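Visitor: From the sequence below, what's the structure:
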Amino acid sequence: MTVADKAPGGGGGRRYALLLAMGDSEYVRDVHGGYFGVFVGAFGCDGDTWDSFRVYEGEYPAPGDLDGYDGFVITGSPSDAHGDDEPWVLRLCEFARTLHAMEKRVLGVCFGHQVLCRALGGQVGKSSSGWDLGVRTVNLVTLDDDDLQRFEFLKDLQELPTSAPLIQIHQDEVLELPPGATVLAHSEKTGVEMYAVGDHVLGVQGHPEMDMGILHHIIDVFMETNTITVCILL
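Guide: Predicted coordinates:
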């Protein structure tokens, strides 16, 4: 972790660890100060402190520091969450299991959503219908009062929307939920857009942290590099 990867709070706030599973493109670095800036800008609140760790390069919080964090966020990545030949992905899975055993709050976004699923006993793989790239309507499941009481992170919402648009950039997806998981959202293309395990693990397949500028930048890069062979543009 470097000084540039730390966003100090004003005292009395919460402390979060951002587990970066990808490097920064020049565009994201110039416009947002890197993906650290993207995530803190999207999810940070006044008074909170954010530290970031490049887990794809082996950076992690020290074991003795884990209790000091209120939550952890695992970002997206160009790597897949189901390949057995990536040692850093296996280490991240083991770290996710540690956080789960401690009942620390963890949010996984895209790759993070998938790696949490794999780490906790679910199955992840490539979608049979290829890439999902664009903005897709995500449908939230209807929760009863008992469900709302189980998921404390939903308690401050006055009314849950039935659907919401969400940026999508993925060719992998959750194929089988981990034990004890509950599906919270789905879409026309992807059966598990969001899930929770207990009241401390939340996976989101889409990218609530991104804006349209980042999406357009990624589409341009994909087109220039011929990354996509099967694509659904929304």
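Visitor: And the strands in the protein?
Guide: Applying DSSP state E to the chain gives strands spanning 6-7, 15-20, 49-54, 71-74, 105-109, 123-126, 131-140, 163-170, 172-176, 181-187, 194-197, 201-204, 231-233.
Visitor: Least reliable of these by average pLDDT, please.
Guide: Ranked by mean pLDDT, the strands of the chain end with strand 231-233 at the bottom, a mean of 45.
Visitor: Nearest to Tyr35, out of the strands of the chain?
Guide: strand 15-20 (6.2 Å; CB to CB). To be clear about C-beta, it is placed using only N, CA and C from the backbone, and glycine gets the same treatment.
Visitor: Buried residues of the closest one, list them for me.
Guide: Tyr16, Ala17, Leu18, Leu19, Leu20 (16 or more other CB atoms under 10 Å).
Visitor: Tabulate those residues (a markdown table), appending distance to Arg29.
Guide: Listed next are these as a markdown table, based on distance: CB to CB, whole Å:
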| residue | distance to Arg29 |
| --- | --- |
| Tyr16 | 21 |
| Ala17 | 21 |
| Leu18 | 15 |
| Leu19 | 18 |
| Leu20 | 13 |
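Visitor: Name the nearest of these relative to Ser79.
Guide: Of these, the one sitting nearest to Ser79 (CB to CB) turns out to be Leu20, at 12.1 Å.
Visitor: In stretch 44-54, which residues are buried?
Guide: So stretch 44-54, judged by 16+ other CB under 10 Å, has buried residues Gly44, Asp48, Thr49, Trp50, Asp51, Ser52, Phe53, Arg54.
Visitor: thinking again about what came up before, as a markdown table, the strands of the chain with distance to Pro61 would be great.
Guide: A markdown table is the format used below for the strands of the chain (distance: least, CB to CB, whole Å):
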| stretch | distance to Pro61 |
| --- | --- |
| strand 6-7 | 12 |
| strand 15-20 | 5 |
| strand 49-54 | 6 |
| strand 71-74 | 8 |
| strand 105-109 | 13 |
| strand 123-126 | 24 |
| strand 131-140 | 31 |
| strand 163-170 | 27 |
| strand 172-176 | 26 |
| strand 181-187 | 25 |
| strand 194-197 | 21 |
| strand 201-204 | 17 |
| strand 231-233 | 37 |
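Visitor: out of the ones you listed, nearest to Asp80?
Guide: That would be strand 172-176 among the strands of the chain, by CB to CB, at 5.5 Å.
Visitor: just to revisit the earlier point, and the buried residues of stretch 44-54, which two are the farthest apart?
Guide: Asp48 and Arg54 (20.3 Å).
Visitor: hang on, Phe72 packs against Val109?
Guide: No: the criterion here is CB atoms under 8 Å, and Phe72 misses it with Val109 at 11.6 Å.
Visitor: Can you name the residues that contact the residue nearest the centre of the chain?
Guide: What sits nearest the mean C-alpha location of the chain, by CA atoms, centre = their mean, is Val109, with 1.2 Å. Listed by CB atoms under 8 Å, 6 or more residues apart in numbering, the contact partners of Val109 are Val73, Ile74, Thr75, Gly76, Val204, Gly206, His207, Pro208, Glu209.
Visitor: likewise Leu175?
Guide: Each residue near Leu175 by CB under 8 Å, 6+ apart is listed here: Gly122, Gln123, Val124, Gly125.
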